[in-house]
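Participant: Compute the structure for the input listed below.
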Amino acid sequence: MNDTSREFEMMVARRYAGTLPAERVRMAAEMFDAARALALASFPAGLAPDEVRRRLCERFYGELAEKAFT
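Facilitator: Numbering: from 1, shown residues only. Okay, the predicted model is just below:
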């Protein structure tokens, strides 16, 4: 499903194309930080640090997380 108009997609593409590489990296890092904060907020309070890391890895990397924590 795509609810974004083609005109808006093109506007966003032009905006990104006009940014410097360092700015794109900064934007990506900020988006990752926001996604991480949302994931952390969804976890139950009081988890051990190792469990938080395991859940974050699972949330972001899916089945690949199993290989990191086996």
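Participant: where does the protein dip in pLDDT?
Facilitator: 1, 70 (pLDDT under 70).
Participant: in it, which spans are strands?
Facilitator: Applying DSSP state E to the chain gives no strands.
Participant: residues making contact with stretch 8-20?
Facilitator: 24, 27 (CB atoms under 8 Å, 6 or more residues apart in numbering). From N, CA and C alone the C-beta is placed, and that goes for glycine too.
Participant: let's see it at 6 Å
Facilitator: With contact meaning CB atoms under 6 Å, 6 or more residues apart in numbering, stretch 8-20 is reached by no other residue.
Participant: Run the chain-centre distance for it.
Facilitator: On the basis of CA atoms, centre = their mean, to the nearest Å, stretch 8-20 sits 20 Å off its chain's mean C-alpha point.
Participant: for stretch 45-65, same thing?
Facilitator: Worked out by CA atoms, centre = their mean, stretch 45-65 lies 14 Å from the chain centre.
Participant: I'd like to know how many residues surround the closest residue to residue 27 other than its chain neighbours.
Facilitator: The shortest distance from residue 27 to any residue other than its chain neighbours is 7.4 Å, reached at residue 19 (CB to CB, 6 or more residues apart in numbering). Other residues lying near residue 19 total 12 when counted by other CB atoms under 10 Å.
Participant: ok, residue 19 to residue 10 distance?
Facilitator: Computed as CB to CB, to the nearest Å, the residue 19 to residue 10 distance reads 16 Å.
Participant: since we're on residue 32, how many residues are nearby?
Facilitator: 11.
Participant: What separation do you get for it and residue 53?
Facilitator: 15 Å.
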